[in-house]
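Novice: Return atomic coordinates for the entry below.
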Amino acid sequence: MSSRSLQLSQACRIGVCAILGMAVLLVLLGPFHAVESWTLGADKLQHAVLFYALSLAVMVATPRVSLMTQVWTLLLVAAGSEVLQGYVGRESSLDDFSADALGMLLAFAPRWIGRTALA
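Specialist: Numbering: from 1, shown residues only. Sure thing, here's the model as predicted:
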């Protein structure tokens with residue numbers, strides 16, 4: 001594969017990750033109280049699924065970045081989204097942050113287990 005192809009491939013991965021990240025923030029910060037009310041309290045599940053998907057996208061988009069850097073970055077995004085929710089008329093919640101972290105754990109666990117098993 002040529003250098004130009006590798007650069008294009010990396011740019012595509014980062015672009016997809018950025019788009020997914022913006023979609024996650026829109027869902028977390030947007031005015032979707034009506035949608036959340038008819039999902040019968042599945043808010044925590046939604047948080048976990050969103051951060052599971054975002055974690056997978058980050059792993060694909062940044063394969064050369066260390067696992068711990070990816071994890072800490074996403075933990076900061078999760079914490080920041082909870083803080084920002086308090087400023088946009090939504091409720092900040094430690095439970096939501098915990099659900100975000102659980103989604104990340106489920107996404108990163110196979111990589112962490114594989115890495116430690118090979119060590």
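Novice: And the helix or strand that contains Thr116, what does it pack against?
Specialist: For Thr116, the host element (DSSP states H and E) is helix 94-118. Contacts defined by 3 or more C-beta pairs under 8 Å, 6 or more residues apart in numbering; DSSP states H and E place helix 94-118 against helix 43-61, helix 67-87. From N, CA and C alone the C-beta is placed, and that goes for glycine too.
Novice: Between those helices, which shows the greatest average number of neighbours?
Specialist: With neighbours taken as mean count of other C-beta atoms under 10 Å, the helices and strands packed on helix 94-118 reach their highest mean count in helix 43-61, at a mean of 19.
Novice: just to revisit the earlier point, indicate which one of the helices and strands packed on helix 94-118 is closest to Gly114.
Specialist: helix 67-87 (10.3 Å; C-beta to C-beta).
Novice: other SSEs contacting that closest one?
Specialist: helix 3-29, helix 43-61, helix 94-118.
Novice: any idea of the mean pLDDT for it?
Specialist: When pLDDT is averaged along helix 67-87, the result is 90.
Novice: Point to the helix or strand of this structure where mean pLDDT is at its lowest.
Specialist: Least confident helix or strand of the chain, by mean pLDDT, DSSP states H and E, is helix 33-38 with a mean of 54.
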